[in-house]
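J.: Got a sequence here, can you model it:
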Amino acid sequence: QVQLVESGGGLVQAGGSLRLSCAASAHTFSSYAMGWFRQAPGKEREFVAAISWSGGSTYYADSVKGRFTMSRGNAKNTVYLRMNGLKPEDTAVYYCAASENWNEPTVMYEYDYWGQGTQVTVSS
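T.: Predicted coordinates for the structure are as follows:
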């Protein structure tokens with residue numbers, strides 16, 4: 001069982017930056033691939049970014065490519081999502097997720113564990 005706790009959300013003006021963190025309880029954290037998803041009010045949860053267990057491969061949704069950067073610190077059992085150039089359409093609850101063995105990192109059902117989410121609100 002893996003517990004995930006997100007932090008770092010908040011209210012920011014358009015064009016601003018935030019860094020989200022996700023702390024994992026797993027002793028074998030480095031063996032999990034990790035992802036970030038988001039869900040805006042009235043919309044389905046969507047893929048944002050993912051990173052392989054080694055950190056050697058990253059994946060991004062087209063809507064955030066060039067603005068968001070995902071990284072991981074295996075020694076700290078933590079993944080990060082650096083968000084620059086935030087837009088009002090980035091407003092959502094952001095969820096961290098862990099996968100024991102993904103085949104497609106952009107798909108929700110490939111992930112086995114989920115955090116509770118952290119709210120990001122971008123004002124115009």
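
J.: Would you check that Ser99 makes contact with Val107?
T.: No - under the criterion of Cβ atoms under 8 Å, Ser99 is not in contact with Val107, lying 9.6 Å apart. C-betas here are computed from N, CA, C, even on glycine.

J.: The two - which one has more neighbours?
T.: The neighbour comparison of Ser99 against Val107 (other Cβ atoms under 10 Å) goes to Ser99, with 21 against 13.

J.: Could you measure from that one over to Leu4?
T.: In this structure, Ser99 lies at 12 Å from Leu4, with Cβ to Cβ, to the nearest Å as the measure.

J.: any idea how far the residue lying farthest from the centre of the chain is from Ile51?
T.: Computed with Cα atoms, centre = their mean, the maximum C-alpha offset from the centroid of the chain is found at Ser124, amounting to 22.6 Å. From Ser124 across to Ile51, the span is 30 Å (Cβ to Cβ).

J.: And for Thr118?
T.: In this view, Thr118 and Ile51 are 18 Å apart by Cβ to Cβ.

J.: Strands of this structure, residue ranges please.
T.: When assigned using DSSP state E, the strands of the chain occupy the ranges 4-7, 10-13, 18-24, 33-39, 46-51, 58-60, 68-73, 78-83, 92-99, 113-114, 118-123.

J.: With mean pLDDT added, can I get those in a markdown table?
T.: Putting these into a markdown table (pLDDT from 0 to 100) gives the following:
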| stretch | mean pLDDT |
| --- | --- |
| strand 4-7 | 96 |
| strand 10-13 | 98 |
| strand 18-24 | 97 |
| strand 33-39 | 97 |
| strand 46-51 | 98 |
| strand 58-60 | 97 |
| strand 68-73 | 95 |
| strand 78-83 | 97 |
| strand 92-99 | 97 |
| strand 113-114 | 96 |
| strand 118-123 | 98 |
